[in-house]
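Participant: pasting a predicted model and its sequence here:
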Amino acid sequence: MEKQVKEKNELWEWTKALLIAFAIAAIIRYFLFTPIAVDGESMMPTLEDGDRMIVNKIGYKIGEPKRFDIVVFHAPEQKNYIKRVIGLPGDTLEYKDDQLYINGDPIDEPYLDAYKEQINGGTLTEDFTLKDIDVSLDTIPEGYVFVMGDNRRNSKDSRHIGLVEQKEIIGNTSLIFWPFSDIKIVK
């Protein structure tokens, strides 16, 4: 009799431990961090198709996106996109002769250097201004960001879908955890 009671208690303890573990895992995934798979080539060479990453969901609940953060957001096509933040609220933005200008100042994009070398002097980013995206825009309005993929020749980004509302941003990401041979933090 005592053995049966002990076995029932042990079973109940294991059940409670598993339920608590599943609840903690669900809370972490829903509120704090979640995995995502890179789908497509729009962030090459920084991110490869099939890379698995961790999305930090809490960073923008307590802070704002920063220029050049890699973010995951809900896109108009009912799909999540991974892109890089280029323009912030209040910025003017222009590309001319493959050079980014923010508020009239040239800005370096070191994450594009390797890709620019591959194209042997060709243009990676076509010329455009915010007015080319939306004729009513002089600056990026509050609550919005301008995003682009690193593979500028093959990226559906703010040049095509428009500005991204900050409330549509799920979080930022910089940790590739799969495949194991490519585990790294990207910038």
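Facilitator: Great, that's in hand.
Participant: max-length helix in this structure?
Facilitator: Identified as the longest helix of the chain according to DSSP state H is helix 2-27.
Participant: quick check: mean pLDDT of that one?
Facilitator: Across helix 2-27, the average pLDDT comes to 74.
Participant: helices of this structure, start to end?
Facilitator: 2-27, 59-62, 113-118, 130-133, 158-161.
Participant: okay, buried residues for the second one please.
Facilitator: Buried residues in helix 59-62, counting neighbours by 16 or more other Cβ atoms under 10 Å, are found at Gly59, Tyr60. Quick note: C-beta positions are derived from backbone N, CA and C, even for glycine.
Participant: what mean pLDDT does that helix have?
Facilitator: 74.
Participant: run the chain-centre distance for that helix.
Facilitator: Helix 59-62 has its C-alpha centroid displaced from the chain centroid by 14 Å (Cα atoms, centre = their mean, to the nearest Å).
Participant: mind giving me the packing neighbours of it?
Facilitator: Helix 59-62 sits against strand 169-178, with contacts defined as 3 or more Cβ pairs under 8 Å, 6 or more residues apart in numbering; DSSP states H and E.
Participant: this completes my enquiry, with thanks.
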